[in-house]
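1. Got a predicted model here, sequence first, then my questions.
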Amino acid sequence: MKKISFILLMWISSSVLAQDFAVLSQKEQAKVIDQWFGERLQTVLPEMMDRAGIDMWLVISREYNEDPIIKTLLPSTWLAARRRTMLLMYKPASSDEVETLAVARYDVGDYFKKSWDPEEQPNQWERLVDLIKERNPEKIGINRSNDFNHADGLNLTEYELLLKHLPKSYHKKLASAEELAVGWLETRTPSELASYKHIQAIAHNIIQEGLSEKVITPGVTSTSDVVWWYRDKIKALGLETWFHPTVDIQRAGSESKEHLRTFDKNPDPEVIMPGDVLHMDFGITYLRLNTDTQQLAYVLKPNEEEVPSYLVDALAVGNRLQDILTSNFVTGRTGNEILKATRDQMLSESIKGTIYTHPMGYHGHAAGPSIGMWDNQGKVPGSGDYPLYPNTVYAIELNAEVYLEEWQKPFRVMLEEGAHFNGENVIYLNGRLKEFLTIPRQESYLKQ
């Protein structure tokens, strides 16, 4: 398995690099997704079941009303559940492997084997109960959670039907699979992490093209034009986006109040002009993994060859805040503890800012520890109390507010970059923005 995975990763890497970040075909993507899924069932799932103390996990969902978890358990050729899809995972205490069954009339991909013959037992629920009785688990995990919507996918109808058919003596064995579900979603394998760098590189490549003279003509192009260019570019490459991108402007002048804008309202379209600072928020979905990135560009004035020093200094403050935040990532520390330690250090260095970092993976806003919210810099109940684990990925999202004398008002350094926590250090997936992109790009041979 490891040898096959290594060869596959080398093939992915060479394909991406050779084609200037070209995207794999749908068929090639399907091979990778199914390969990764097999690895996850063999490595991640047993570990997470042991960690949560759950020896049986039930994931039950109906077509068009899917549990967020079930979409991560389906083969690449299944885009949704079919009729009522029941998946049963069982790990006996004496085994390192997980038995994976589909209570269905057919296999669900290569790994969940069919375990129901309607000719012998017409009732699907009764067959599920028979399988449970045969294995007699100690603890049956179901996807019910107060704190993580990702782990709360068992709807009321399915829950009530489960209780109706399951003998009452087994009801006491039912428990929330929250810890198992979150662990399954947040934990990345070596194969996934190796390719996540390239996925982030694709996102960076698209961002940089959009924030350039290839797309933007100052005085003509609007922020809305750039946003829709991103949407078209993503679709043309065969990728998906999990949210509508935003592009907004910060500029000098007392009449411009963008630094007061809250994050619950997208900015109105504006024509891009020299001297503007552009901020964009953008994410792609590829190989079932998501990115979430915010970067900054400066539109050079006719007499400028480089970004003004006061903006360069402001970006350095934003980078410093990133460093403070990531230095407080410690295994076992909760999101709330990371936030408090970061804010204490930030204030001691007289940095004014806001932290709103979140996990990233199968979902853009993924399962795992919440580290602040843009509208809450205190404790985040529930998800903020969840601990940090190794082999997880985060969108390091924040802003530093820097007062610019030249603008006579504050400037927000809004940054977001994907990063991997390996248990000891935070490693940016494909680097981070430390210099403004310029529009147009400045070539050294053109400078006076």
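-> Arrived safely, thanks for sending. All figures in this text were calculated on a predicted structure; none of them were measured in a lab.

2. drop to CA atoms for contacts and neighbour counts, all remaining ones
-> Noted.

3. Quick one: the strands in the stretch 1-150 of the chain, in order.
-> 56-62, 84-90, 99-102, 113-114, 140-142 (DSSP state E, counting those that start in this stretch).

4. Serialize those strands to a markdown table and add fields for distance to Asn391 and mean neighbour count.
-> Converted to a markdown table, these look like this (distance: least, CA to CA, whole Å; neighbours: other CA atoms under 10 Å):
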| stretch | distance to Asn391 | mean neighbour count |
| --- | --- | --- |
| strand 56-62 | 22 | 23 |
| strand 84-90 | 23 | 21 |
| strand 99-102 | 24 | 20 |
| strand 113-114 | 29 | 18 |
| strand 140-142 | 23 | 24 |
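
5. Which among those is found nearest to Glu306?
-> For Glu306, the closest of these is strand 56-62, at 55.4 Å, according to CA to CA.

6. now the angle between strand 84-90 and the closest one, please.
-> Taking axes from the mean of the first three to the mean of the last three CA atoms, to 10 degrees, strand 56-62 and strand 84-90 form an angle of 170 degrees between their directions.

7. residue nearest the centroid of this protein?
-> In the chain, the residue lying closest to the centroid (CA atoms, centre = their mean) is Met360, at 2.3 Å.

8. That one and Ile324: what is the separation?
-> Using CA to CA, to the nearest Å, one obtains 20 Å as the distance from Met360 to Ile324.

9. got it, and Leu278?
-> 25 Å.

10. Between these two, point out the one with more neighbours.
-> Leu278 (23 against 18; other CA atoms under 10 Å).

11. neighbouring strands for the one helix or strand the more buried one maps to, and are they parallel or not?
-> When elements are defined using DSSP states H and E, Leu278 is found to belong to strand 277-282. For strand 277-282, sheet partners with direction are given as strand 246-250 (antiparallel), strand 293-299 (antiparallel), following DSSP bridges.

12. Phi and psi next, for the nearest residue to Ser145 once chain neighbours are set aside.
-> Counting by CA to CA, 6 or more residues apart in numbering, Asp152 is the residue found nearest to Ser145 once chain neighbours are left out, at 4.8 Å. Note on Asp152: backbone dihedrals following degrees, to the nearest 10 are phi -120, psi 40.

13. tell me the contacts of Asp152?
-> Going by CA atoms under 8 Å, 6 or more residues apart in numbering, Asp152 touches Asp67, Asn143, Arg144, Ser145, Asn146, Glu178.

14. could the strands of the stretch 1-150 of the chain go into a markdown table alongside mean pLDDT and distance to Arg412?
-> Shown next, in a markdown table, are the strands of the stretch 1-150 of the chain (pLDDT from 0 to 100; distance: least, CA to CA, whole Å):
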| stretch | mean pLDDT | distance to Arg412 |
| --- | --- | --- |
| strand 56-62 | 95 | 43 |
| strand 84-90 | 94 | 47 |
| strand 99-102 | 94 | 50 |
| strand 113-114 | 92 | 53 |
| strand 140-142 | 97 | 43 |
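
15. Of all the ones you listed, which one is nearest Glu213?
-> Going by CA to CA, the one of the strands of the stretch 1-150 of the chain nearest Glu213 is strand 56-62, 47.7 Å.

16. Name the surrounding residues that touch that closest one.
-> 67, 69-70, 81-91, 137-143, 153-155, 158, 177.

17. so where does Lys164 fall, helix or strand?
-> Judged by DSSP H and E, Lys164 forms part of helix 156-165.

18. now that helix and strand 56-62, what's the angle there?
-> Using the same axes, to 10 degrees: helix 156-165 against strand 56-62 is 130 degrees.

19. buried set for the helix or strand just after helix 156-165?
-> The first helix or strand that comes after helix 156-165 along the chain, using DSSP H and E, is helix 168-171. Residues Tyr170 are the ones in helix 168-171 that count as buried (16 or more other CA atoms under 10 Å).

20. Let me see the mean pLDDT of whichever helix or strand comes after helix 168-171.
-> Under the assignment DSSP H and E, the closest C-terminal helix or strand after helix 168-171 is strand 174-176. Averaging pLDDT along strand 174-176 gives 97.

21. who touches the following helix or strand past strand 174-176?
-> Downstream of strand 174-176, the first helix or strand assigned by DSSP H and E is helix 178-186. Contact with helix 178-186 is made by 44-45, 48-49, 51-52, 54, 69, 143-145, 148, 150-152, 359-362, 366-368, 392-393, as judged by CA under 8 Å, 6+ apart.

22. how about a cut-off of 7 Å?
-> With contact meaning CA atoms under 7 Å, 6 or more residues apart in numbering, helix 178-186 is reached by 44-45, 48-49, 52, 143-145, 151, 361-362, 367-368, 392.

23. any idea how far that helix is from the chain center?
-> Centroid separation for helix 178-186 versus its chain: 14 Å, with CA atoms, centre = their mean, to the nearest Å.

24. before we move on, what about stretch 211-227?
-> 27 Å.

25. then that stretch to PDB, C-alphas only?
-> What follows is stretch 211-227 as a C-alpha-only set of coordinates in PDB (Å, rounded to 0.1, in the frame of the first residue of the first chain):
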ATOM      1  CA  LEU A 211      -4.700  40.100  -9.200                       C
ATOM      2  CA  SER A 212      -2.500  41.100 -12.200                       C
ATOM      3  CA  GLU A 213      -2.600  43.200 -15.400                       C
ATOM      4  CA  LYS A 214      -3.800  40.100 -17.200                       C
ATOM      5  CA  VAL A 215      -7.200  40.700 -15.600                       C
ATOM      6  CA  ILE A 216      -7.200  44.200 -14.200                       C
ATOM      7  CA  THR A 217      -7.100  47.500 -16.200                       C
ATOM      8  CA  PRO A 218      -7.100  50.300 -13.600                       C
ATOM      9  CA  GLY A 219      -9.900  52.800 -14.200                       C
ATOM     10  CA  VAL A 220     -11.900  50.200 -16.100                       C
ATOM     11  CA  THR A 221     -12.100  46.900 -14.200                       C
ATOM     12  CA  SER A 222     -14.400  46.600 -11.200                       C
ATOM     13  CA  THR A 223     -14.000  44.400  -8.200                       C
ATOM     14  CA  SER A 224     -17.100  42.500  -9.400                       C
ATOM     15  CA  ASP A 225     -15.400  41.900 -12.800                       C
ATOM     16  CA  VAL A 226     -12.500  40.200 -10.900                       C
ATOM     17  CA  VAL A 227     -14.700  38.100  -8.800                       C
END
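
26. If anything else comes up later, I'll come back, but that's it for now.
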